[in-house]
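Q: A predicted structure for the sequence below; I have some questions about it.
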Amino acid sequence: MSAPPVLRRADRIMTRERCIETLERGFSGRLAVIGEDGHPYCVPLLYLWMDSSVWLHQTIARGHLRRSIEREPRVCFEIDEQRGVFDYGRFECDSGLAYRSVILFGTIKVVQDSREKQRFCSALMAKYRREDTDRPKDFYPRLNEIAVYTMTVERTTGKEVTLPEISEQWPAKDRTKTPDARP
């Protein structure tokens, strides 16, 4: 893996612990692969953060994603949490977004072991199932019809912008970046 780029906004960097916390509670993410034609391909997926890896699943059919992974296992995975839009200055463009985002770089492989696939499915259902269901747990009759993937993480980056207190937002405080501008 190449050396990580220097992050331009060092003031927004999240600690590794905060990145892990965000990964553990995130709802969905986007997996980016290099397509067969060399173009990027990105797909939204439910996921698990388990064993210090990202775990995902899809149909076992060899579609665009599967063929891309088989050709090139280097991938990127991103999750984010939107925390709200806020005004920081007197112009409409003086708006900011409070957020957290984590981007992971690494390699991905297909999980072959059926016990590992079963363990993934049980953990996935524990994360996403409704609490009021009375359906049988840990029973997956179509386990052989899904592909489970695990991503080995080689590099992690995380950024966040916190939602400012009301006293730090417009109109209480004007932090426009163009104070001399006139409409």
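A: Received it, and whenever you're ready, just let me know what you need. In this text the structure is predicted, and so the values were computed from the model without any measurement.
Q: tell me the mean pLDDT over the helix or strand hosting Ser101?
A: Secondary structure assigned from DSSP states H and E places Ser101 in strand 95-110. For strand 95-110, the mean pLDDT works out to 96.
Q: go on, stretch 138-155?
A: For stretch 138-155, the per-residue pLDDT averages 94.
Q: in this structure, which segments are predicted with low confidence?
A: Per-residue confidence of the chain (counting by pLDDT under 70) places the weak regions at 1-5.
Q: how far does the strand holding Ser101 sit from the chain's center?
A: The chain centroid and the centroid of strand 95-110 are separated by 4 Å, computed with CA atoms, centre = their mean, to the nearest Å.
Q: can you give me the helices in the protein?
A: Along the chain, counting by DSSP state H, helices occupy 16-25, 64-71, 114-128.
Q: what's the neighbour count on Arg66?
A: The number of residues packed near Arg66 is 17, by other CB atoms under 10 Å. (C-beta placed from N, C-alpha, C; glycine too.)
Q: mind listing what the closest residue to Glu72 other than its chain neighbours touches?
A: In this structure, Glu72 finds its nearest non-sequential neighbour in Ile34, 4.6 Å apart by CB to CB, 6 or more residues apart in numbering. Listed by CB atoms under 8 Å, 6 or more residues apart in numbering, the contact partners of Ile34 are 40-41, 68, 71-72, 74.
Q: please apply the same query to Glu168.
A: 88, 175.
Q: list the buried ones in stretch 161-179?
A: Using 16 or more other CB atoms under 10 Å as the test for burial, stretch 161-179 gives 161, 164, 169-170.
Q: could you measure from the residue nearest to Glu72 over to Lys173?
A: Separation of Ile34 from Lys173 (CB to CB, to the nearest Å): 45 Å.
Q: that older thread, identify each buried residue in the strand holding Ser101, please.
A: Across strand 95-110, burial judged by 16+ other CB under 10 Å covers 96, 99-106, 108.
Q: got those as CSV, with distance to Phe86 columns?
A: Shown next, in CSV, are the buried residues of strand 95-110 (distance: CB to CB, whole Å):
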residue, distance to Phe86
Gly96, 5
Tyr99, 11
Arg100, 15
Ser101, 17
Val102, 21
Ile103, 23
Leu104, 28
Phe105, 30
Gly106, 34
Ile108, 36
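Q: what's the closest of those residues to Arg90?
A: Gly96 (13.8 Å; CB to CB).
Q: distance from the chain centre to stretch 73-81, please.
A: Worked out by CA atoms, centre = their mean, stretch 73-81 lies 5 Å from the chain centre.
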